[in-house]
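Asks: structural data only, the sequence is not supplied:
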C-alpha cells in the first residue's frame with residue numbers, strides 16, 4: 001500500500017485513539033536511542049490522559065537510555081491487533097510534580113531508597129509521530145489467508161502515519 005493510499009484509507013484520529021487505548025491497557029514498550037547501535041530495551045510507560053504528546057518512564061541513571069536524545073519506541077497491543085513505531089525525543093523530566101504524580105508502590109520497589117534514591121531518573125518521551133498498524137483482516141482477508149490466496153494490503157487492516 002502506498003503512503004498516499006495508507007493515509008486516504010484510514011481515519012487518523014480513530015487509529016490514534018486506538019493506539020492510546022491499547023497502550024493504556026498494556027503499557028509495556030521497547031525503546032532505543034536513534035544514535036545508538038544497541039538493541040531496544042523493555043520499559044513501562046507512565047501515561048497521562050491529559051498529555052497526548054508525551055510518555056514518561058522511570059529508570060536509573062546508569063540505564064543506556066539515560067543520556068536521552070532522539071529515540072524510537074515500539075509497541076504491540078495485548079491482543080496483537082495493533083502495532084506502533086513511535087519516534088520522539090527522550091529528555092530528563094525535572095518537574096518534581098510530574099515525578100510524584102506517577103510514583104507508585106510498584107515503581108518504588110525498583111529503588112532501594114524509594115523516591116529519594118540517587119539513581120532514580122524519569123525520562124520524558126516527547127512524541128513526534130507514529131506509524132500504526134491495525135491487524136484486522138476481516139472475513140475476506142481471513143478466507144484468503146486460510147486458502148493461500150494473495151492478500152491485498154488493505155485486507156489485513158488499517159495503517160497510518162499520524163502525528164502524536
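Replies: Right, received. Where do you want to start? Keep in mind that this is a model prediction, so the values were computed, not measured.

Asks: max-length strand in the chain?
Replies: Taking DSSP state E as the criterion, the chain has its longest strand at strand 120-134.

Asks: strand partners (parallel or antiparallel) of that one?
Replies: Take DSSP bridges as the rule and strand 120-134 pairs in its sheet with strand 54-60 (antiparallel), strand 82-92 (antiparallel), strand 159-163 (antiparallel).

Asks: flag every buried residue along the longest one.
Replies: Buried residues in strand 82-92, defined by neighbour count with 16 or more other Cβ atoms under 10 Å: 82, 83, 84, 86, 87, 88, 90. Quick note: C-beta positions are derived from backbone N, CA and C, even for glycine.

Asks: specify which member of those residues is nearest to residue 61.
Replies: residue 90 (13.4 Å; Cβ to Cβ).

Asks: that closest one bridge partners, please.
Replies: residue 69, residue 125.

Asks: and it, what does it touch?
Replies: Neighbouring residues of residue 90 by Cβ atoms under 8 Å, 6 or more residues apart in numbering: 31, 33, 65, 68, 69, 70, 71, 123, 124, 125.

Asks: again with residue 34
Replies: So residue 34 contacts 69, 70, 71, 72, 87 (Cβ under 8 Å, 6+ apart).

Asks: next one: residue 74
Replies: Contacts of residue 74 by Cβ under 8 Å, 6+ apart are 29, 30, 31, 40, 83, 84, 85, 86.
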